[in-house]
Each structure stands twice: as C-alpha cells, then as structure tokens.
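> Just need the structure, nothing else, for what follows:
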Amino acid sequence: MTQYSNLKYEVKDSIGYILIDREPQMNALNQETLDELQEIFKHFNADSHVRGIILTGAGQKAFVAGADIKEFTDLSVVQARWLSERGHIIFTDLIEGAPKPVIAAINGYALGGGLEMALACHMRIASENAKMGLPEVSLGLIPGYGGTQRLPALIGKGQAMQMILTGDMVDAHKAYEMGLVNEVVPQEKLISRAEEILRKIFTRSRVAVANAIDAINAAADKKRDGNKVEMDAFGHLFGTEDFKEGVSAFLEKRPPNFPL
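Residues are numbered from 1 along each chain as shown. Next up, the predicted model:
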C-alpha cells in the first residue's frame, strides 16, 4: 500500500488503525490529508480482513484541531463550495457510510472539521482531556463538512444551535452529558477501550452489523425511507447463513460461530 505524508496506518487483529500524523499542526486537515483519508478509507472499506476502524490523532493534544486555515485564504466562492462538497463526500460516503464500525478515538482538541469528522464516525470515545467545538462563526463561516446536519441529530437542535452560534468549546464530560460522545476514559485507556468495543462487535454477525449500520444511517438520509431500508434488511437477513447459525446457537444455548 501507499506510504502517506500525513497519515500512519496499520491492520492488526482485524482492526484498521488510522492515525492523522501532523502533530506540529495539531493534526489540522489540509487538502493533502483529505486526499489520503479518502484513499485509506476506500482501501479499508474494501478490505475483508478489516472488520472495524479506529481513527485518532497523533500526540496527546489534538485529535484534529480543524481545517488548515492557511489554505482558505485564496479560495474563490466556487472553490470553497467544492471544498465543502468534497468534505461531505468523504465524510458521508466513506466514513459514515463505511460497512464496518468506525470509532473516533478523540484524544484532545476536536474542532471545526475535526469534530465534523468525528461526528461522521459511528461512535466517539473521548479522553478526559478532550475539548470539542465548531468555532467557524468566529471566522465568518459556518461548519462546512456536515456539522450543521449531524450535530443537531446527535445532541438536539437547541444544544447544537448554542454550540455553533457561540463557537464555544465543551469539555469531554459535558460532551458526554450532551450525547456528543459515547464514553469518556483516561487518555492512556482510549485506544484499548475502542479496541474492546470493536472486539465485542466482531463476535456478532458481520452481515447483520453492516446492515444495521446502513439502516441506522438511513434514518437521517432524506433520499431514503429508513423504515423501508430496515424492513428490507430484516427480511434479507432471514435468508443468510448467519441467521441460521444465530438461531441454532440460541436454541442450543451456545455462543454463535459466525464466519469471520
């Protein structure tokens, strides 16, 4: 596989690890990093050896502290519109739309595009030192990578309005109270907790997990009827070998032995 300038990655025990490695820049998302994220997610999503993905940032200060603002200075209106659309494509199609669980391990500041990337992940685990916010209004902008859509869906319209319109940050414990993150753990346990969650998911039916992700995502997709997606998937799964194994295991009072 390709060696990247801004990412490190590995696959170990069915987990694909992606580390955004721009620590001196607080792991800010420049265009080259977005290119690399697009490529590695395409690869991991298609790789049957990868059953789940953990996304995190280098160092102990930042997950991703936003977009690389230096790249904004010379953009035209048309170029800025395309920048936003491109972020939507990567975050929606490749991260949120991944057919396997993606966990954001938020190890520090997750601001602007960094928080928007975490919002696109299926789950978010934060270290105790993490701080999150969407400060774009302080730049005369709004969130452009899906933040105005995903944040209200996660924490409610009123809370999202306050976060986005003030641009204020929240700490990890406040984020947990709001429903912005699933769990808060000490920083030294962040990756191991994400691994623990994935390993439990790996004991479940792989095809059922993929269908569950798709059905849950359909709830917020205005182009799809989420109820129909759920009903279709439910019916389809009755015809799978995993269903037969799951029911047999339940009736025989033994753990199911699903295909890897």
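
> hey, let's count contacts and neighbours off CA atoms from now on
Fine.

> Can you give me every residue that contacts the residue nearest to A219 when sequence neighbours are not counted?
For A219, ignoring the flanking residues on the chain, the nearest one in space by Cα to Cα, 6 or more residues apart in numbering is G226 at 4.8 Å. G226 sits next to A215, I216, A218, A219, A220 when contact means Cα atoms under 8 Å, 6 or more residues apart in numbering.

> residues in contact with the strand or helix carrying Q149?
Assigned by DSSP states H and E, Q149 falls within helix 147-155. By Cα under 8 Å, 6+ apart, the residues outside helix 147-155 that reach it are 115-116, 119-120, 134, 142, 157-161, 164, 178-180, 220.

> What of stretch 127-136?
62, 105-113, 115, 142-143, 147, 163-164, 166-173, 175, 184-187, 190.

> Just the buried ones out of these, please.
In those, burial by neighbour count holds for 62, 105-113, 115, 142-143, 147, 163-164, 167, 169-173, 175, 184-185, 187, 190, counting by 16 or more other Cα atoms under 10 Å.

> Filter those down to just the ones in strands.
Among the buried ones among the contacts of stretch 127-136, DSSP state E puts A62, A105, I106, Y109, A110, L111, V170, D171, V184, V185 in strands.

> Kindly state the pLDDT recorded for the first one?
As summarised for this prediction, A62 has a pLDDT of 98.

> do the same with the fourth one
In this model, Y109 is scored at 98, pLDDT.

> I103 contacts R51, doesn't it?
No - using Cα atoms under 8 Å, I103 makes no contact with R51, being 11.8 Å away.

> Check this protein and tell me which residue is nearest its centre.
In the chain, the C-alpha closest to the average C-alpha coordinate belongs to C121, at a distance of 1.4 Å (Cα atoms, centre = their mean).

> What is the helix ranked longest in the chain packed up against?
Looking across the chain with DSSP state H, the single longest helix is helix 31-46. In terms of contacts (3 or more Cα pairs under 8 Å, 6 or more residues apart in numbering; DSSP states H and E), helix 31-46 is packed against strand 7-12.

> got any ranges where the stretch 101-250 of the chain has weak pLDDT?
Within the stretch 101-250 of the chain, no stretch has pLDDT under 70.

> sorry, back to before: can I get the CA coordinates of the helix holding Q149 in PDB?
Taking C-alpha atoms only, helix 147-155 is exported to PDB below (Å, rounded to 0.1, in the frame of the first residue of the first chain):
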ATOM      1  CA  GLY A 147     -21.600  19.800  11.200                       C
ATOM      2  CA  THR A 148     -24.900  21.700  10.900                       C
ATOM      3  CA  GLN A 149     -26.700  18.500  10.000                       C
ATOM      4  CA  ARG A 150     -25.100  15.800  12.200                       C
ATOM      5  CA  LEU A 151     -24.700  17.800  15.400                       C
ATOM      6  CA  PRO A 152     -28.400  18.500  15.800                       C
ATOM      7  CA  ALA A 153     -29.300  14.900  15.100                       C
ATOM      8  CA  LEU A 154     -26.900  13.800  17.800                       C
ATOM      9  CA  ILE A 155     -27.500  16.400  20.600                       C
END
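
> Can you point out the buried residues in it?
G147, T148, Q149, R150, L151, P152, I155.

> Out of the residues you listed, the closest to A98 would be?
The nearest member of those to A98, counting by Cα to Cα, is R150 at 16.1 Å.

> how far away is the closest one from D214?
Counting by Cα to Cα, to the nearest Å, the gap from R150 to D214 is 16 Å.

> cool, G239 as well?
G239 is 18 Å from D214, by Cα to Cα.

> ok, which stretches of the stretch 101-250 of the chain are helices?
Secondary structure of the stretch 101-250 of the chain, counting by DSSP state H, counting those that start in this stretch: helices at 113-120, 147-155, 157-166, 172-178, 190-202, 206-218, 226-237, 241-251.

> Can you convert those helices into CSV and add a column each for distance to E128?
CSV is the format used below for those (distance: least, Cα to Cα, whole Å):
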stretch, distance to E128
helix 113-120, 16
helix 147-155, 19
helix 157-166, 20
helix 172-178, 6
helix 190-202, 9
helix 206-218, 27
helix 226-237, 35
helix 241-251, 38
